[in-house]
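> Structure, please.
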Amino acid sequence: MKVAVIGSGVMGHGIAELFAMAGHEVWINDVSEEILKSALQRIRWSLEKLAERGSLKENVDSVMSRIRSSVDQEKTLRGAEFVVEVVKEDLELKREIFKRAERLASEGATLVSNTSSLPITEISQGLSHPERVAGMHFFNPPVLMPLVEIVRGEETSEDTVRKVADLSKQLGKEFIVVRDVPGFFVNRILLRIMEAGCFLVDKGFASVEEVDSTSMEELGFPMGVFLLADYTGLDVGASVWNAVIKRGFEAYPCRKVQELVSQGHLGVKSGRGFYSYPQPGKFTRPQLPSAKPGISHFILAPAVNEVASLIRQGIVSVEDSEKGCQLGLGLPKGMLRYADEIGLDKVMSALEEMKRLTGMGHFSPDPSLITLVSQGKLGRKTGEGFYKYEARERTFTTIYVKREPPVAWIVLNRPSRYNALNWDMVKELSEALDELEEDPEIRVIAVKGEGKAFCAGADVQEFLSLTPVKAMMVSRKFHEVFFKIQFLTKPVVAAINGVALGGGFELAMACDVRIASKIAEVGQPEVNLGLIPGGGGTFRLPRLAKRRGLELVITGERLKAQEALELGLVDKVVEHESLEEEVTKFAETVSSRPPLAVALGKMAVNTGRETNSWVSSAYEASLFGLLFSTSDFKEGVRAFLERRRPEFKGV
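Here you go, the predicted structure:
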């Protein structure tokens, strides 16, 4: 099939390369021989890189032999069966090209535009056969990015959509289909995220750096909101923004972007944008502060609202909305999943606050969102939101286990005794850990307490029947289960939702990560009973609290959550109502990493902690080398080189 690609810039030459790799005869057109020569050189360079990685099925020269270049646009278009327009975002220029293509291409040829913002319906106006015109929006770089956004104009036929979809699959791409609205789908969502960032900065809720660190640390975005704008070019973003605003897209104004563009500060390409770079075109990641609590739901809320609205109007399907966010924007999940995890009530509250502070009507929560909240369907925490969640539970005598892949919750369930540890609980904890370690769906295990306490310690009533020898045996059993946690192949998180004292805090210290509610208290008060810690407190506490460890053991002092954080006894302190959400975020982050590397990383750290540096370094080197034999390692390297998100299988 003859494919004509009009425009050989960054996108054009990449699209031409894709079609040639798929076996098509490709003609590429631009305004000068010099531009075309450069495009062909870049195509060859790209193909050589793919060949080096083993991603090319034939030799470079064979692919290049299928590409012809010409400054004669009519010659390029004549007889073409598929035409791809990839010129600048100029409506009249695009219309001229399509009129010429309709006249010169083969009868029944499909005509597509790679536009990222101009409506397909407007581009196809005046054509004799607008039903043969569609949007085929590739993402940069086209050879590596996995998604194509197919845009259905008002008169685009089903046959045209099917042809573009089939061809997208032939090119090795995933695709989504959207109706023709300004910005289509992916860019509309990106603009909503950008407007949220601008709102937070303008209203003094956060700095540019805090918005970016929060979006990456808490939400898992591959790049911060403003950092991405710098990377792609502020002038490019402003052009898309202006094009969709002109066509009725209402958004909070990002005046800082316009100001920077007017000053010639275009981001990485000019050496300065929201951040400064070593030189024009040289990207370096800036140093960012820690994430700012309480703003992540504001970053997401407008985008969630936009997705809900587009789905309700039939612009995009639920499945395609999630796929577009993940494959088009590189996010770890779609907006609806984000909303369900944060809580639909929090999303709606953020929207209402944004509307109150700006007076802008587009911040009004979408009717579909209002309906879900009014029905008590708030997301994962209630079992249903945009999606339904079926938590699989197993109830023991003193604990219960709730599986919510990728996280499983072990809940200490003796609330009337403040979840005090007894012999049955220790045995059931051990059994539950064994089960969850074997469950392939579970990547992280979290431990929390039912009710107001995490765990108030060992059940003192059981002490009364212990002889000295039996007390020693009980202590050993505590050690066994706590060491099992320490050396389990999956990370274990203590979600400290209240007091964690004595054996309860020893349980928490055995975990890999400790996230505490602001109302939590921790301590080793055994000395007040004439005892010392018996579940590892005498060696784990000094490791974490250093010199104050002994003091805490011999005084029995209880510490508030913030004090515990300052001493290193807990890793993070969060609002009480956000505790489960924070643990789930951690689990989502870990679950996106290769399971074998996570398991061996934990083993190396914990084994190294128990031995000398010579043994631990040899052990580390062995595990490091072992991971080179895994499929996950090969996938990680391949995904890095191809600039895509890896898919780890744990093999």
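> what's around residue 132, how many residues?
The tally of other residues near residue 132 (other CB atoms under 10 Å) stands at 24. Where you see a C-beta, it was placed from the backbone N, CA and C, and this is true even at glycine.
> make that residue 333, sorry
Residue 333, neighbours per other CB under 10 Å, totals 17.
> Confirm that it lies within a strand, as I assumed.
No. Counting by DSSP: H, G, I helix; E, B strand; the rest coil, residue 333 is not found in a strand; it is coil.
> buried ones in the helix or strand harbouring residue 552?
Using DSSP states H and E, residue 552 sits in helix 548-555. Within helix 548-555, the residues scored as buried using 16 or more other CB atoms under 10 Å are 548, 549, 552, 553.
> Give me the helices and strands touching that helix, please.
helix 537-545 (3 or more CB pairs under 8 Å, 6 or more residues apart in numbering; DSSP states H and E).
> OK, contacts around the residue nearest the centre of the chain?
What sits nearest the mean C-alpha location of the chain, by CA atoms, centre = their mean, is residue 332, with 2.6 Å. When contacts are counted by CB atoms under 8 Å, 6 or more residues apart in numbering, residue 332 touches 220, 326, 588, 592, 645.
> List just the nearest of those residues to residue 286.
residue 220 (18.6 Å; CB to CB).
> what about the closest one, how many neighbours?
The tally of other residues near residue 220 (other CB under 10 Å) stands at 16.
> so it touches residue 587, yeah?
No. Using CB atoms under 8 Å, residue 220 is not in contact with residue 587; the gap is 11.6 Å.
> Where is pLDDT lowest across the contacts of residue 332?
Note: of the contacts of residue 332, the lowest pLDDT belongs to residue 645, at 76.
> you'd agree that one is in a strand?
No. Under three-state DSSP, residue 645 sits outside any strand and is assigned coil.
> From residue 69, how far out is it?
Here the distance between residue 645 and residue 69 works out to 34 Å (CB to CB, to the nearest Å).
> So for those two, which sits in the more crowded spot?
residue 69 (21 against 15).
> Make sure the more buried one is indeed in a strand.
Yes. Assigned with three-state DSSP, residue 69 falls within a strand.
> Check whether the residue lying closest to residue 135 once chain neighbours are set aside sits in a helix, strand or coil.
Once flanking residues are discounted, residue 135 sits nearest to residue 151: 2.7 Å by CB to CB, 6 or more residues apart in numbering. Following three-state DSSP, the label given to residue 151 is strand.
> How is this protein divided into domains?
The chain resolves into domains spanning 2-179, 186-381, 392-587, 593-641 when parsed by automatic domain parsing.
> Compile these into JSON lines and extend it with columns for distance to residue 651.
Below are the domains of the chain laid out as JSON lines (distance: least, CB to CB, whole Å):
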{"stretch": "domain 2-179", "distance to residue 651": "19"}
{"stretch": "domain 186-381", "distance to residue 651": "21"}
{"stretch": "domain 392-587", "distance to residue 651": "11"}
{"stretch": "domain 593-641", "distance to residue 651": "5"}
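> Specify the stretch among the ones you listed that is closest to residue 649.
Using CB to CB, the domains of the chain put domain 593-641 closest to residue 649, at 6.4 Å.
> Quick check: buried residues in stretch 602-612?
Those would be 602, 603, 604, 607, for stretch 602-612 by 16+ other CB under 10 Å.
> Tell me where the stretch 451-600 of the chain has helices.
All helices of the stretch 451-600 of the chain, identified by DSSP state H, counting those that start in this stretch, fall at 468-487, 503-510, 537-545, 548-555, 561-567, 579-591, 595-609.
> contacts for the lowest-mean-pLDDT helix or strand in the chain?
Least confident helix or strand, the chain: strand 392-395 with a mean of 82, by mean pLDDT, DSSP states H and E. Contact with strand 392-395 is made by 400, 401, 402, 403, 413, 432, 435, as judged by CB under 8 Å, 6+ apart.
> filter the residues you listed to the buried ones?
Applying 16+ other CB under 10 Å to those flags 400, 401, 402, 403, 413, 432 as buried.
> what's the helix or strand for the third one?
Using DSSP H and E, the element containing residue 402 is strand 399-404.
> can you check the last one too?
When elements are defined using DSSP H and E, residue 432 is found to belong to helix 423-438.
> Please name the nearest non-neighbouring residue to residue 598.
residue 590 (6.2 Å).
> ugh, typo on my part, it should be residue 541
Ranked by CB to CB, 6+ apart and with sequence neighbours excluded, the top spatial neighbour of residue 541 is residue 549, at 4.4 Å.
> Test my guess that the one you found contacts residue 536.
No. Between residue 549 and residue 536 there is no contact under CB under 8 Å: 12.0 Å.
> could you measure the closest residue to residue 136 other than its chain neighbours against residue 182, distance?
Closest residue to residue 136 apart from its sequence neighbours, by CB to CB, 6+ apart: residue 112 at 3.8 Å. Distance, residue 112 to residue 182, using CB to CB: 18 Å.
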